[in-house]
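In: Need coordinates for the following:
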Amino acid sequence: MSTITVDRLTKIYPVAVKEAGFKGTVTHFFKRTYRQVKAVQDVSFQIEPGEVVGFLGANGAGKTTTLKMLTGLIYPSSGKVTVAGQIPFERRSNFLRKITLVMGQKQQLIWDLPAADSFKINAAVYGISDRTLQTRVGELSEMLSLEGKLNQPVRKLSLGERMKAELLAALLHEPQVLFLDEPTLGLDVNAQVAVREFLKEYNDRFNATVLLTSHYMADITALCERVLMIHQGQLIYDGSLDGLVDRFSPCREIKVEFNRTYTDSELAAYGQVQEVDKQSARFLVQQEDLTQAIAKILAELQVSDLSVTDPPIEEVIGRVFQAGAVT
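Out: As a prediction, the model looks like this:
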């Protein structure tokens, strides 16, 4: 049985429309008009137990709205959704014990108290005994390398340490399903790596199901074999990362090291030049033209090294969003 099942999920918001100027302000005050905005449109997918799935989309694409519907924070306008066998917006205690939502830009820890005190509050909410709390805090703090930090006021922790403590607080009740919205937002590289490694270890140890949104593609590539992509409220892709590149980028990237320096204009005949840096360059070439392009480069330029790769996934996704439409 799937842990998460989403069937034609839709959320429509009424948005007030106001004309510019004084007249528009007065009219808006006495008689408001609204337009309907479809934040999420007919989204369907399933996630199996233990899967870690990335959820990609530009700002305003519908990611956070979808997460809020999956966690029961808002009602869907139409469609069906079940999470861990429960209907989220009914907000039953049995459902709330099975899930957690971590948002990188929001905190649940009390700023002036030690994190350990906030953990006791969470334990009381979820009915966790003192002995169980001590065991879980010890286990999770070891996994997160937070030993010795939990008795300091939260405001004295570094940003990375605070995010780790937020994760610990969110996982005290051992949820089966983790909804993570930008969990590494604003963290430095070392802290990002530490959070990724913890999430990977937690998933391996507890077989938790994870739906992860992030603008840092390193989070997605390190943790997720499968990704969902949402664009203008519609799900446009559900599959592997490699399949994402194949679908949305018919090109391959050629990286070349030269024995001499070439200008952009000299290299333009060999493909779509992405970057030129002293004696190296990157080209984008259509898949069907790849063999011919490589032969031409090797024959006509002074090449010391050449490799062919998929274009960076960040660039592929960026081009999809910049296009403004998906075919």
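In: List the buried residues for the lengthiest helix in the chain?
Out: Selection of the longest helix in the chain by residue count, based on DSSP state H, yields helix 189-206. Neighbour-count burial for helix 189-206, counted by 16 or more other CB atoms under 10 Å, picks out 191-196, 198-199, 202-203. Just so you know, the C-beta spots here come from the backbone N, C-alpha and C atoms, and that holds for glycine as well.
In: what sits up against the helix or strand following that helix?
Out: On the C-terminal side of helix 189-206, the closest following helix or strand by DSSP states H and E is strand 209-213. Contacts with strand 209-213, where a contact means CB atoms under 8 Å, 6 or more residues apart in numbering, come from 3-4, 47-57, 63-64, 67, 70, 176-183, 199, 203, 219-220, 223-224.
In: For the chain, just list every one of the helices.
Out: For the chain, the helices defined by DSSP H cover 21-30, 63-70, 93-96, 115-126, 130-143, 159-171, 189-206, 217-223, 241-248, 264-267, 290-300, 313-323.
In: can you tell me which of those helices the model trusts least?
Out: Least confident of the helices of the chain, judged by mean pLDDT, is helix 21-30 with a mean of 73.
In: Could the C-alpha coordinates of that helix be exported in CSV?
Out: This file holds the C-alpha atoms of helix 21-30, laid out as CSV (Å, rounded to 0.1, in the frame of the first residue of the first chain):
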residue,chain,number,x,y,z
GLY,A,21,-5.7,55.0,-8.5
PHE,A,22,-8.0,56.6,-5.9
LYS,A,23,-11.2,55.5,-7.7
GLY,A,24,-10.0,51.9,-7.8
THR,A,25,-9.2,52.1,-4.0
VAL,A,26,-12.6,53.4,-3.1
THR,A,27,-14.4,50.9,-5.3
HIS,A,28,-12.3,48.1,-3.9
PHE,A,29,-13.2,49.2,-0.3
PHE,A,30,-17.0,49.0,-0.9
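In: ok now that helix, how far from the chain's centre?
Out: 40 Å (CA atoms, centre = their mean, to the nearest Å).
In: Same check on stretch 175-191?
Out: 9 Å.
In: Buried residues in it, which are they?
Out: By neighbour count, with 16+ other CB under 10 Å as the criterion, the buried positions of stretch 175-191 are 175-185, 187, 191.
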